[in-house]
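Q: coords please:
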Amino acid sequence: MGEVDSILSWTLLSECPIPADVQDLLVEGEVAVAAYKTLRDSAIFTNKG
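A: Numbers count the residues shown, from 1 in each chain. This is a model prediction of the structure:
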C-alpha cells in the first residue's frame, strides 16, 4: 500500500500536452491518454492499468 500512498500524494497542477518522448516508453498497445503537470515533472496516464 506504500506505493499507492505515494501516488496519491502527488499534486496534479493542471493538464498539459502529452510529451512526445513518452511514446518511446510505452509497451505495445499502450496509449497515453492524459498528462498533468506536477511540482517537478509531469504524470502521464495511459490506457493500461
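Q: residue ranges with poor pLDDT in the chain?
A: Counting by pLDDT under 70, the chain shows low-confidence ranges at 1-9, 49.
Q: how near is the residue nearest the centre of the chain to Leu26?
A: With distances taken as Cα atoms, centre = their mean, Ile44 lies nearest the centre of the chain, 1.7 Å away. Per Cβ to Cβ, to the nearest Å, Ile44 is found 9 Å from Leu26. (Glycine included, C-beta is placed from N, CA and C.)
Q: anything in contact with each of these two?
A: Ala32 (Cβ atoms under 8 Å, 6 or more residues apart in numbering).
Q: Would you map the strands across this protein?
A: 14-16, 32-37, 42-46 (DSSP state E).
Q: now the longest one against strand 42-46, angle please.
A: To tie it back to what came earlier, the one meant is strand 32-37. Strand 32-37 and strand 42-46 are oriented at 160 degrees to each other (axes from the mean of the first three to the mean of the last three Cα atoms, to 10 degrees).
Q: Lys37: what's it in contact with?
A: Residues in contact with Lys37 (Cβ under 8 Å, 6+ apart) are 12-16.
Q: would a markdown table of those residues with neighbour count and distance to Lys37 be doable?
A: Below are the contacts of Lys37 laid out as a markdown table (neighbours: other Cβ atoms under 10 Å; distance: Cβ to Cβ, whole Å):
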| residue | neighbour count | distance to Lys37 |
| --- | --- | --- |
| Leu12 | 15 | 7 |
| Leu13 | 12 | 4 |
| Ser14 | 7 | 5 |
| Glu15 | 11 | 8 |
| Cys16 | 15 | 5 |
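Q: Nearest to Tyr36 among those residues?
A: Nearest to Tyr36 among the contacts of Lys37 is Leu12, at 4.1 Å by Cβ to Cβ.
Q: Now for the residue nearest to the closest one when sequence neighbours are not counted, how many residues are close by?
A: Spatial nearest neighbour of Leu12, chain neighbours left out: Tyr36 (4.1 Å); criterion: Cβ to Cβ, 6 or more residues apart in numbering. Residues within reach of Tyr36, counting by other Cβ atoms under 10 Å, total 16.
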